[in-house]
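Visitor: Okay, here's the prediction I keep looking at, along with the sequence it came from:
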Protein chains: 2
Amino acid sequence: MISANRNIRRLLRYRNSLCKMQELGFETVYSYNLGRETGVSPEQVRKDFSQFGIKGNKKGGYNINELLITIREIFRKDELQKVIVVGVGNIGNAILQYKGFQKNMIEIVASFDIDPTKYKKKKLPVPVYSLDKLPKFVVEHKINTAIMTVPERVAQDVADLLIEAGIKGIMNFAPTVLKVPPHIHIVNICIGHELESLIYHSLQMGNNGRGKGS
Amino acid sequence: MISANRNIRRLLRYRNSLCKMQELGFETVYSYNLGRETGVSPEQVRKDFSQFGIKGNKKGGYNINELLITIREIFRKDELQKVIVVGVGNIGNAILQYKGFQKNMIEIVASFDIDPTKYKKKKLPVPVYSLDKLPKFVVEHKINTAIMTVPERVAQDVADLLIEAGIKGIMNFAPTVLKVPPHIHIVNICIGHELESLIYHSLQMGNNGRGKGS
DNA sequence: AAATTAATGTTACACTTTTCACAATAAAGA
DNA sequence: TCTTTATTGTGAAAAGTGTAACATTAATTT
């Protein structure tokens, strides 16, 4: 079977680099080019492609255009993927403002919050609704995926609500491990932990402060 | 040696759960409790602890207070870690507003942007400086870690600037693989890719839309 | 005090992912 | 056309990570 996780992530990185290369006018790419650009070994690049049935030319490398088409097919970029945001706080806001999703056939179609003062919020590209309206909206608009940017303390409850409404994938920004049925997909993004982990590794590495002082 | 990456991340999750348990008045915890809360197997919990030299009691489990102290020691929570944010756009803003770092001995002490209109920005808890001021600031305040929330197209240049200034760890929100010397630590957070990956897996899983229609 | 029990701590196994080595092959050159 | 060459494609080895089994031990019970 295909579907690992790592491959998928790398595929997205490849796509990024490939787009840039295409813009620069390149037509073909070698595994070691793409590897260098994406921080992946050439063997890994070839293996990933091979795994997804992508063929190159024995001496001419891979055709960038074909690669991009195939990658888009893998990610089903023929249909627009509709996503909602739940929790219009700092991060929720930032995500709503972000313009980069559209080009990858993803559209944030609505947002939800408990706080009524948010409902009138202008300057947002999508409406903010009450949480009550969520279940109906999800069903009617056939939403599968939600970005959840709510306070930690309500994260589990909101997740339950989302799943009950029929959501299949949740991107969770709260530093909580959500308890969900096995068929639900969760991606946890915990900026705080990432930062602490980074600091930890930087400290490990050696001279904390500059120079050898202190 | 200790220092894997996965362990560290799990340790942070443990800490989260342990704090909650402590607030609820618990004094000890068993590996399977903590495992259940954090989505980790009990064996893994024990192994992680063992790896960091944390000892439990043969029948009474682990002492929550000791655990927390040890974990804090591992992460060097005796000293405040100062961090800067570079790029005060949507996400940069959100991160600057976020209040949760303080409790883990992390403080965002300043932010930087090229856009002069940002410098006067009130409602931010830290000042926004010109990028010119960055090198001196980093040296004077002994900053090791930066959160980089700049547009993709300038990400590499800003990273170079940061490293030149003496930054050892960068949290990068642009979907680019930064080319950096080996002693520099990078954490990439690419919300777009995470979202696409999530959608991919959700689609794989089965009935895209609700019911069996279409 | 001895036996039982319920947990930890650790060693061995299994699985996953990456790297390595090299076979296969199409293009380029002689 | 034959040889060389530069690249892909892949099977095997290695490294990394998680799981399972079990040995160990301190508290509890008898």
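Guide: Alright, I've got the coordinates. Residues are numbered from 1 along each chain as shown, chains lettered A, B, ... in the order given.
Visitor: any idea how far residue A:22 lies from residue A:68?
Guide: Spatial separation of residue A:22 from residue A:68 under the definition C-beta to C-beta, to the nearest Å is 7 Å. Where C-beta positions appear, they are placed from N, C-alpha and C, glycine not excepted.
Visitor: what's the longest helix in chain A?
Guide: helix A:6-23 (DSSP state H).
Visitor: residues of it that come out buried?
Guide: A:7-18, A:21 (16 or more other C-beta atoms under 10 Å in any protein chain shown).
Visitor: Show me what the helix or strand following it is packed against.
Guide: Read in the C-terminal direction, the helix or strand following helix A:6-23 is strand A:28-29, with elements assigned using DSSP states H and E. In this structure, strand A:28-29 packs against strand A:62-63, helix A:64-74, with contacts taken as 3 or more C-beta pairs under 8 Å, 6 or more residues apart in numbering or on different chains; DSSP states H and E.
Visitor: rewinding a little: who's in contact with the longest helix of chain A?
Guide: Contacts of helix A:6-23 from elsewhere in the structure, counted by C-beta atoms under 8 Å, 6 or more residues apart in numbering or on different chains, are A:29, A:33-34, A:37-40, A:44-45, A:48, A:51-52, A:64-65, A:67-68, A:71-72, A:74-75, B:175-177, B:190, B:193, B:196-197, B:200-201.
Visitor: Likewise for stretch A:100-115?
Guide: Residues external to stretch A:100-115 that are found in contact with it (C-beta under 8 Å, 6+ apart): A:75, A:77-88, A:92, A:95-96, A:119, A:124-131, A:133-134, A:137, A:141, A:143, A:147, B:192, B:195-196, B:199.
Visitor: so where's chain A uncertain?
Guide: When residues are selected by pLDDT under 70, those of chain A lie in A:1-3, A:206-214.
Visitor: Which residue ranges make up the domains of it?
Guide: A:1-75, A:81-193 (the TED database).
Visitor: For DNA strand C, find the nearest of the ones you listed.
Guide: Comparing the domains of chain A by their distance to DNA strand C (C-beta to the nearest atom of the strand), the top pick is domain A:1-75, with 3.3 Å.
Visitor: hmm, that closest one touching DNA strand D?
Guide: Yes. Counting by C-beta under 7 Å from any atom of the strand, DNA strand D has neighbours in domain A:1-75: A:30-32, A:42-43, A:46-47, A:49-50, A:54-59, A:61-62.
Visitor: Among these, which are located in strands?
Guide: When strands are assigned by DSSP state E, the members of those inside them are residue A:62.
Visitor: What ranges does chain A have for its strands?
Guide: Assigned by DSSP E, the strands in chain A fall at A:28-29, A:62-63, A:81-86, A:106-113, A:128-130, A:145-148, A:169-172, A:185-188.
Visitor: okay, those in TSV with mean neighbour count next?
Guide: TSV is the format used below for those (neighbours: other C-beta atoms under 10 Å in any protein chain shown):
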stretch	mean neighbour count
strand A:28-29	20
strand A:62-63	20
strand A:81-86	24
strand A:106-113	20
strand A:128-130	18
strand A:145-148	25
strand A:169-172	24
strand A:185-188	19
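Visitor: Need those strands in TSV (columns: distance to residue B:168).
Guide: Output for these, formatted as TSV (distance: least, C-beta to C-beta, whole Å):
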stretch	distance to residue B:168
strand A:28-29	33
strand A:62-63	36
strand A:81-86	34
strand A:106-113	34
strand A:128-130	40
strand A:145-148	31
strand A:169-172	29
strand A:185-188	26
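Visitor: So which residues on chain A come close to DNA strand C?
Guide: Taking C-beta under 7 Å from any atom of the strand as the measure of proximity, chain A contacts DNA strand C at A:4-7, A:40-41, A:43-44, A:47, A:57-60.
Visitor: so which two of those are the farthest from each other?
Guide: Of all pairs drawn from the residues of chain A next to DNA strand C, the greatest distance, 32.4 Å, lies between A:5 and A:59 (C-beta to C-beta).
Visitor: neighbour-wise, which of these two wins?
Guide: Neighbour comparison, residue A:5 and residue A:59: the larger count goes to residue A:5, with 10 against 6 (by other C-beta atoms under 10 Å in any protein chain shown).
Visitor: what sits against that one?
Guide: By C-beta under 8 Å, 6+ apart, the contact set of residue A:5 is B:197, B:201.
Visitor: swap in residue A:149?
Guide: Contacts for residue A:149 were tallied using C-beta under 8 Å, 6+ apart; they are A:85, A:86, A:87, A:88, A:89, A:91, A:92, A:95, A:173.
Visitor: buried subset of these?
Guide: In the contacts of residue A:149, burial by neighbour count holds for A:85, A:86, A:87, A:88, A:89, A:91, A:92, A:95, A:173, counting by 16+ other C-beta under 10 Å.
Visitor: got these as a markdown table, with distance to chain B columns?
Guide: Listed next are these as a markdown table, based on distance: C-beta to the nearest C-beta, whole Å:
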| residue | distance to chain B |
| --- | --- |
| A:85 | 11 |
| A:86 | 14 |
| A:87 | 12 |
| A:88 | 11 |
| A:89 | 8 |
| A:91 | 5 |
| A:92 | 8 |
| A:95 | 7 |
| A:173 | 9 |
